[in-house]
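A.B. asks: Here you go, sequence then predicted model.
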Amino acid sequence: MQKVIIIRYSELFLKGKNKGYFERAFFTNIERALKGYAHTLRRPVGRYIVADFKEEETEKIMRALKKVFGAHTLAVGYETSSKADDIFEAAKRVCAASGTFKVEAHRGDKKYPLTSIEIAREIGGRLLSANPDLTVDVHTPECVVRVDIRENGEALVCGEEAEGAGGMPVGTGGKGLLLLSGGIDSPVAGHMMAKRGMKVDCLHFHSYPYTNEQAKEKVKDLAKILSAYTQGTKLSVVSVTHIQEAIHEKCAPELMITLLRRFMYRIAERRAKTIGAQCLITGESLGQVASQTIEGITSSNAVVTLPVLRPLIGFDKNEIIDRSVKMGAYETSILPFEDCCTVFLPDFPAIRPKLSFIEEEEKKLDVEGLVTEALSSTEIFSF
Ligand code: ATP
Ligand code: MG
């Protein structure tokens, strides 16, 4: 009998011709999540089995696996021979010590001498007579013992199944470039796209020396947190200091944020093309701040041709915060920090700026020169 972790995947992504492709991506992603832990990974029909790990690392391994998109459920259990005596030994280990329970059996091997119902009855009966503190409840049991008879003369036995991360394996949904600030929203936006299978790299803008070194460290910490879900990520960091100075010097003060955001989008698109990303991702949510009105979004969107994905567009702040807490980014996101958007902030930012006015003001700047210069400041960090 061997202790194992049983990973079941969402059946949905297995429909169609791409099955092999999805399964291989999922396999690679599980391997990456388990890097540093002794283990073996196998892929029998319909599930993935992690074995040969250190007993004391079980919890840590489960935590790492819960971040792998594509997993439907995860369960710690046992792999045994399909002999009733062996199944019973494993069932004893995964069953609760007292309370109500039921046995659920599934037969992959249709030649097995007992039917699913007979297996459940046999193992359930043995558990009952071995432990007087157990009673059977087939409708709302406190504990379910799952027995899975496989084709190769083996069986998998497990108790409680934990919820997996759901979604699709990262790497099967293209590649996006996330505009990562130090706030709450953008890490959540990246997490949501990774859940749909998208590989996510990150881009951060700073205005050193107006923003400090800690702000950059904080963004690196956020990229690291995100990287556990995105199967690693590359963070590019670009200085927009000279752009902000030029806008401050030459343009209408109420357009500072509007113009800066147009520069951010332009730089992001150029960077995306360099790294082979097919879209931009932002943490914008409609109406959250002055620059996130539909007019504000239109004005930044107008300078790029790549699609801009905004997974949070219809979310309230508290919904975003819930997700931030769940993904483990919240504590880092709320650390005090100065974003480049808050440098040279006007008293009254334009809420619904006219595109003609924006374009007129922008003519006062060497847009191409400033973009190229900013890109030349790119630093890259890998997580
Ligand atoms: P967040 O919580 O993600 O910082 P926010 O509510 O502060 O968002 P804004 O500051 O208007 O909103 O930013 C909107 C989006 O623009 C962010 O979600 C992010 O995608 C991008 N963004 C803003 N500032 C930066 C920055 N310094 N570097 C990279 N992207 C940024
Ligand atoms: Mg912000």
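C.D. replies: Ah, there it is. Model, not experiment: these values are computed from the prediction. Numbering: from 1, shown residues only. Ligands and ions are numbered 1, 2, ... in the order given.

A.B. asks: contacts and neighbour counts: CA atoms only from here.
C.D. replies: OK.

A.B. asks: where do the strands sit along the stretch 251-383 of the chain?
C.D. replies: 279-281, 308-309, 379-382 (DSSP state E, counting those that start in this stretch).

A.B. asks: what residues does the first one touch?
C.D. replies: This points to strand 279-281. 175-179, 189-190, 268-269, 272, 306-311 (Cα atoms under 8 Å, 6 or more residues apart in numbering).

A.B. asks: just the buried members of the residues you listed?
C.D. replies: 175-179, 189-190, 268-269, 272, 306, 308-311 (16 or more other Cα atoms under 10 Å).

A.B. asks: what's the closest of the contacts of strand 279-281 to ligand 1?
C.D. replies: Distance to ligand 1, by Cα to the nearest ligand atom, is smallest for L179 among the contacts of strand 279-281, at 3.8 Å.

A.B. asks: what bridges to the closest one?
C.D. replies: Note on L179: beta-bridge partners L203, judged by DSSP bridges.

A.B. asks: was I right about it contacting I267?
C.D. replies: No: counting by Cα atoms under 8 Å, L179 does not reach I267; the two are 10.4 Å apart.

A.B. asks: residues from the stretch 101-250 of the chain in reach of ligand 1?
C.D. replies: Residues of the stretch 101-250 of the chain lying near ligand 1 by Cα under 6 Å from any ligand atom: 179-186, 203-206.

A.B. asks: I'd like the residues you listed laid out as CSV, including pLDDT.
C.D. replies: As requested, these are exported to CSV (pLDDT from 0 to 100):
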residue, pLDDT
L179, 98
L180, 98
S181, 95
G182, 92
G183, 94
I184, 96
D185, 97
S186, 98
L203, 98
H204, 97
F205, 97
H206, 94
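
A.B. asks: Can you name the residues that contact V188?
C.D. replies: Contacts of V188 (Cα under 8 Å, 6+ apart): 283, 320, 323-324, 327.

A.B. asks: what's the answer for E361, then?
C.D. replies: Applying Cα under 8 Å, 6+ apart, the residues near E361 are 251-252.

A.B. asks: and it, what pLDDT?
C.D. replies: Confidence at E361, expressed as pLDDT, is 96.

A.B. asks: do you know how far it is from R146?
C.D. replies: 67 Å (Cα to Cα, to the nearest Å).

A.B. asks: Check Q231 too.
C.D. replies: Taking Cα to Cα, one finds Q231 at 31 Å from R146.

A.B. asks: didn't L177 look like it was pressed against M198?
C.D. replies: No: contact between L177 and M198 fails when scored by Cα under 8 Å: they sit 9.9 Å apart.

A.B. asks: tell me which residues in stretch 53-66 are buried?
C.D. replies: Those would be 53, 61-62, 64-66, for stretch 53-66 by 16+ other Cα under 10 Å.

A.B. asks: Might you report the residue contacts of the nearest residue to L312 once chain neighbours are set aside?
C.D. replies: Distance criterion Cα to Cα, 6 or more residues apart in numbering; nearest residue to L312, sequence neighbours excluded, is S285 at 5.3 Å. S285 makes contacts with 292, 310, 312-316, as judged by Cα under 8 Å, 6+ apart.

A.B. asks: repeat that with 7 Å
C.D. replies: 292, 312-315 (Cα atoms under 7 Å, 6 or more residues apart in numbering).

A.B. asks: I figured A215 was touching L335, is that so?
C.D. replies: No: using Cα atoms under 7 Å, A215 is not in contact with L335, being 9.3 Å away.

A.B. asks: who has more neighbours, those two?
C.D. replies: A215 (21 against 12; other Cα atoms under 10 Å).

A.B. asks: tell me which element that one falls in.
C.D. replies: helix 213-230 (DSSP states H and E).

A.B. asks: Would you mark the buried spots in that helix?
C.D. replies: Those would be 215-216, 218-230, for helix 213-230 by 16+ other Cα under 10 Å.

A.B. asks: Which residues are in contact with A64?
C.D. replies: A33.

A.B. asks: Equivalent analysis for L179, please.
C.D. replies: 186, 202-204, 281-282.

A.B. asks: And these, which two are furthest apart?
C.D. replies: The most widely separated members of those, counting by Cα to Cα, are H204 and I281 (12.1 Å).

A.B. asks: Secondary structure added to the buried residues of stretch 53-66, as a markdown table?
C.D. replies: Shown next, in a markdown table, are those (DSSP: H, G, I helix; E, B strand; the rest coil):
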| residue | secondary structure |
| --- | --- |
| F53 | coil |
| I61 | helix |
| M62 | helix |
| A64 | helix |
| L65 | helix |
| K66 | coil |
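
A.B. asks: Turn those into JSON lines, columns for distance to E151 and pLDDT.
C.D. replies: Output for the buried residues of stretch 53-66, formatted as JSON lines (distance: Cα to Cα, whole Å; pLDDT from 0 to 100):
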{"residue": "F53", "distance to E151": "24", "pLDDT": "97"}
{"residue": "I61", "distance to E151": "27", "pLDDT": "98"}
{"residue": "M62", "distance to E151": "27", "pLDDT": "97"}
{"residue": "A64", "distance to E151": "29", "pLDDT": "96"}
{"residue": "L65", "distance to E151": "26", "pLDDT": "97"}
{"residue": "K66", "distance to E151": "28", "pLDDT": "96"}
